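**Q** mind looking at a prediction? Sequence and model below.
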Amino acid sequence: MTDHHNELFSEKMRPQKLQDLTIRQAYIDKLQRMVDEKSVMNMLFYGRAGTGKTSTARILLTAIDADAYELNGSHNHGDKTMVHGIGDFATTVSMEFRPKVVFIDEADGLTKDVQASLRYLIENHNHRVRFILTANEEKKLSDAIKSRCIPLCFDPQKGEVGEIVDRLTQRYHDVLKQFGVQSDKQRVRDIVGSRFPDMRGIANALDFEYL
């Protein structure tokens, strides 16, 4: 296949909707209720790298048609410019009356000073804007930040792995079929099971195996 086709395959591997995610079904159901209500709570998605935290946030923002302000907390560890930008966004009203959400990816990269300012913004602008944070290391976030967010852990529990692997195996098997690739379902399951929950690792292994 051409590089262009491989690029399309890799993009297709990305979760496109809530049901594509690796998180527990109870979490998906809660997020779906937020989508149905077109309103999200302040949330913290945490867990090891590659488990779909960023994808989940972006799927959610798209599903509720949010007026979103996206930042990366590891970039320069945050600074006054970041804080001022969030403050300016939080104090305005969406002209189209869309839900306003600040999305900070890798929020565990923020300095303690920036986290203190962020706590103030979350606390004082909750009536107008909501916050979604992601973190690989939840312990690096202050207790004050964590107490103001609903935590969702993306690291699967042992009893949930089998059900999630089965769900992912079917999805990847179907995606390969869409690209005209004949795959052995058991082999796909072996790859998914050996790399889970590293979604990037699964996509790379399937790409190497079949494309």
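**A** All right, it came through fine.

**Q** number of nearby residues for residue 107?
**A** Residue 107: 29 surrounding residues under other C-beta atoms under 10 Å. No exception for glycine: its C-beta is placed from N, CA and C like everyone else's.

**Q** go on, residue 94?
**A** A count of nearby residues for residue 94, using other C-beta under 10 Å, gives 13.

**Q** looking at this protein, which helix is longest?
**A** Secondary structure assigned by DSSP state H gives helix 161-178 as the longest helix of the chain.

**Q** may I have the very next helix or strand once past it as CSV, with CA atoms only?
**A** Toward the C-terminal end, the helix or strand that comes next after helix 161-178 (DSSP states H and E) is helix 185-195. This file holds the C-alpha atoms of helix 185-195, laid out as CSV (Å, rounded to 0.1, in the frame of the first residue of the first chain):
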residue,chain,number,x,y,z
LYS,A,185,-9.3,-12.3,14.1
GLN,A,186,-7.4,-14.3,16.7
ARG,A,187,-4.2,-12.8,15.5
VAL,A,188,-5.7,-9.3,15.9
ARG,A,189,-6.8,-10.2,19.4
ASP,A,190,-3.3,-11.5,20.3
ILE,A,191,-1.9,-8.1,19.2
VAL,A,192,-4.5,-6.1,21.0
GLY,A,193,-4.1,-8.2,24.2
SER,A,194,-0.3,-8.0,24.2
ARG,A,195,-0.2,-4.2,23.7
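
**Q** going forward, count from 12.
**A** Sure, I'll start numbering at 12, so the last one becomes helix 196-206.

**Q** just to revisit the earlier point, in the longest helix of the chain, what counts as buried?
**A** Burial within helix 172-189, assessed by neighbour count using 16 or more other C-beta atoms under 10 Å, is assigned to 175, 176, 178, 179, 180, 182, 183, 184, 186, 187.

**Q** residues contacting that helix, please?
**A** Residues external to helix 172-189 that are found in contact with it (C-beta atoms under 8 Å, 6 or more residues apart in numbering): 20, 23-24, 31, 33, 35-36, 167, 193-194, 196, 199-200, 203-204, 207-208, 213, 217, 221.
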